[in-house]
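# Turn this into a structure:
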Amino acid sequence: MKIREAAVAGQFYPASPEEIKAMFDHFNRLLEESIRDPELLKTKTRAVIVPHAGYIYSGFTANVAHRLLGNSGVERVAVIGPSHRVYLNGMSVSEYDLFETPLGDLPVDRGLASEIIRKFGMGFVPEAHHEHSTEVQMPFIKTYLPDARVVELVYGDENPANLAPVIEWLLSDPKTGVVISTDLSHYYDLEKAKRLDSICLDAVSTLDPTRLHEGCEACGKIGVEAMLIAARSVGLEPLILDYRTSADASGNSSQVVGYMSAAFI
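Take a look at the predicted model:
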C-alpha cells in the first residue's frame, strides 16, 4: 500500500492532532463571534478557493471555506494546487492509496484518479507530490468530511483551458467536491498587496477570468482561472468568504502575503 506521507507537518501546520484541533476550534470561535450573518455558516458548496500558507497566517481564511464545503457532505474531494518544488509540464494526479495526516489517514480515491488520468491524458509524477499547497488542505478535509476520499492534483505549466474541463467534469458528480489552492500577492508592502489582491478578488467576484491578467499575482492563478471558467460554464455563483494578509497575524506590513477564500454556489 502506497502512502503519500505528510511532507510539511510541523512546519506549515502542527504535527500534533491536539494542536490542530485546538487551532480549528479557535478559528471557529473567532468566526462565530465576528460573522454578521450566521446563516452563512449553513451554506453548502462543492467548490472552494482556499489559501495554503502556514495555519497561523491563513488558517482562519481556509477554515471558513472548508467548513462550508463540509456542509455539502460530498464523498470525495479533488484538491488542486500549484507545484512549488518541481517543474511540471502539465498536471500530475496522485496514485497513492492513502494520504497521511496527523488526524488520521485519508483514503485516496484510486478509481477517480485513474479515471482522470485516462479521460484527460494526465500522468503521475511522484516527486511533485511533496507539495504543501495541497497537503495543508487535508487536515481540514479530515475534520469536516471525515469519511471522504481524496484525489491530489498538482499542476505546473498548464493552460487553464485544459484544467477547466476537468473541474467541470468533477463537479458533474453531485458527490464530488473541488478545492482550488492559491495564495495571492507575495512580499509587497501592505498597501501595494491590497491593491494587487483587489484585482484577484474582483475577478473572482465577477467570474471574469480576463481580469486576472490585469495584475493579479496569485501563485495558483492557473487553478483560479480554470475554476472561474468552469463556474461560468456550469452556472455557479461566487461568494467571497474572507480576505486578509500575513500582517494580520505578524503585525509586519512591510512584506506581506495575501490570502482569500471563496465558495461557488
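# In contact with Val224, which residues are there?
Residues near Val224 by Cβ atoms under 8 Å, 6 or more residues apart in numbering: 49, 180, 182, 200, 203-204, 212, 216, 218. From N, CA and C alone the C-beta is placed, and that goes for glycine too.
# Among these, which lie within helices?
Judged by DSSP state H, the contacts of Val224 include 200, 203-204 as members of helices.
# just the contacts of Val224 now: which is nearest Phe27?
Ile49 (17.2 Å; Cβ to Cβ).
# Would you check that the closest one makes contact with Tyr243?
No: Ile49 is beyond contact range of Tyr243, at 11.1 Å (criterion: Cβ atoms under 8 Å).
# Give me the common contacts of these two.
In terms of Cβ under 8 Å, 6+ apart, Ile49 and Tyr243 are both contacted by the residues Met260.
# more neighbours, the two?
Taking neighbours as other Cβ atoms under 10 Å, Ile49 and Tyr243 compare with Ile49 leading, 27 against 19.
# Endpoint to endpoint, stretch 204-215 covers what distance?
Taking Cα to Cα, to the nearest Å, stretch 204-215 runs 13 Å from one end to the other.
# so how far is that stretch off the chain centroid?
Mean-position distance between stretch 204-215 and its chain equals 18 Å (Cα atoms, centre = their mean, to the nearest Å).
# Which residues does that stretch contact?
49, 160, 196, 199-200, 202-203, 218, 221, 224-225, 228-229, 231-232, 237-238, 240, 260, 262.
# possible to save the ones in helices among the contacts of Val224 as a markdown table with neighbour count?
What follows is the ones in helices among the contacts of Val224, written out as a markdown table (neighbours: other Cβ atoms under 10 Å):
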| residue | neighbour count |
| --- | --- |
| Cys200 | 26 |
| Ala203 | 24 |
| Val204 | 26 |
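# Measure how buried the nearest residue to Pro38 once chain neighbours are set aside is and give me the count.
Computed as Cβ to Cβ, 6 or more residues apart in numbering, the closest residue to Pro38 that is not its neighbour in sequence is Glu32, at 7.5 Å. By other Cβ under 10 Å, 10 other residues sit near Glu32.
# list the contacts for Ala47?
167, 171, 177-180, 227, 230-231, 236, 263-264.
# can you check Ala249 too?
Contacts of Ala249 by Cβ under 8 Å, 6+ apart are 56-57.
# ditto for Ser133
Contact partners of Ser133, counting by Cβ under 8 Å, 6+ apart, are 52, 81-84, 154, 181-182, 219-220.
# out of those, which are buried?
Listed as buried from the contacts of Ser133 are 52, 81-83, 154, 181-182, 219-220; burial here means 16 or more other Cβ atoms under 10 Å.
# which SSE is Val257 in?
Applying DSSP states H and E as the criterion places Val257 in strand 256-264.
# Give me the helices and strands touching that strand, please.
strand 47-50, helix 55-72, strand 186-188, helix 190-205, strand 238-245 (3 or more Cβ pairs under 8 Å, 6 or more residues apart in numbering; DSSP states H and E).
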